[in-house]
Each structure stands twice: as structure tokens, then as C-alpha cells.
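K.L.:
Mind folding the following:
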Amino acid sequence: MTRPELADRGKLAGADQMAEFARAGRGAADDLEKQSPEVASYVRQAADGLERAASSIRSRIIGEFVDVIDDFARRQPAAFFGGTVLAGFVLSRS
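P.N.:
The predicted model follows:
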């Protein structure tokens, strides 16, 4: 397998993992809804941002990947931060 093929596989695997984090985030938001609707809303926003980022990553070449993440972090810092917190939470529970 060539390096570009490996890079593309890694890109798709990363996008799939981001989408999985988004699904887990939505589940966590549902669980939080009764106790803390405001926090649940933030978690949903982060999950939505992760889903959009995953979709965007799937359709781009590797060189654009870094630009997409950088742009997302600048445009939606709260969603980016929430996504990283969510990812850490999901990974710690695995």
C-alpha cells in the first residue's frame, strides 16, 4: 500500500472516529437534558460541529485536513473545545 493510500485510510478512519464521538456526545446530551439542559445544549453543539467536521474531512485531501481543523477551531472555538473534552471523556470510558 502506498503512502497516499495509507494517509487516505487514516483520514477516513479519523473522520469515522469523529462521527462516533458525535454520536456518543448526542447520547450524553440526552442523558444530561433533565439535570442540566444548558450543558446538554453545549454538548449537542459540539457533537454537531464534530459531525460537520467529519463530513468535511471525508471529502478533502490530506493537505486540506489541517486547514479544515484550524478553520473550525477559529470559527467555533467553543464547539472545538467541547469536542476535545467530549473526545477525552469518550476515550476515558473505553
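
K.L.:
Tell me where the chain is predicted with low confidence.
P.N.:
Residue ranges of the chain with pLDDT under 70: 4, 62-63, 65-66, 90-91, 93-94.

K.L.:
I'd like to know which elements the longest helix along the chain is packed against.
P.N.:
If you go by DSSP state H, the chain has its longest helix at helix 3-32. Contacts defined by 3 or more C-beta pairs under 8 Å, 6 or more residues apart in numbering; DSSP states H and E place helix 3-32 against helix 37-58, helix 62-75, helix 77-93. For every residue, glycine as well, the C-beta is placed using N, CA and C.

K.L.:
What is the neighbour count of residue 68?
P.N.:
Residues within reach of residue 68, counting by other C-beta atoms under 10 Å, total 15.

K.L.:
Can you tell me the closest non-neighbouring residue to it?
P.N.:
Spatial nearest neighbour of residue 68, chain neighbours left out: residue 56 (5.3 Å); criterion: C-beta to C-beta, 6 or more residues apart in numbering.

K.L.:
got the contact list for residue 50?
P.N.:
Residues near residue 50 by C-beta atoms under 8 Å, 6 or more residues apart in numbering: 18, 19, 21, 22, 25, 79, 83, 86.

K.L.:
Swap in 10 Å and give it another go.
P.N.:
By C-beta atoms under 10 Å, 6 or more residues apart in numbering, the residues touching residue 50 are 15, 17-26, 72, 79-80, 82-84, 86-87.

K.L.:
What separation is there between it and residue 81?
P.N.:
Per C-beta to C-beta, to the nearest Å, residue 50 is found 12 Å from residue 81.

K.L.:
Please name whichever of the helices and strands packed on helix 3-32 is nearest to residue 3.
P.N.:
Ranking those by proximity to residue 3 (C-beta to C-beta) places helix 62-75 first, at 9.8 Å.

K.L.:
Can you check what angle separates that closest one from helix 77-93?
P.N.:
Interaxial angle, helix 62-75 versus helix 77-93 (axes from the mean of the first three to the mean of the last three C-alpha atoms, to 10 degrees): 110 degrees.

K.L.:
Give me the helices and strands touching helix 62-75, please.
P.N.:
Under the contact definition 3 or more C-beta pairs under 10 Å, 6 or more residues apart in numbering; DSSP states H and E, helix 62-75 sits against helix 3-32, helix 37-58, helix 77-93.
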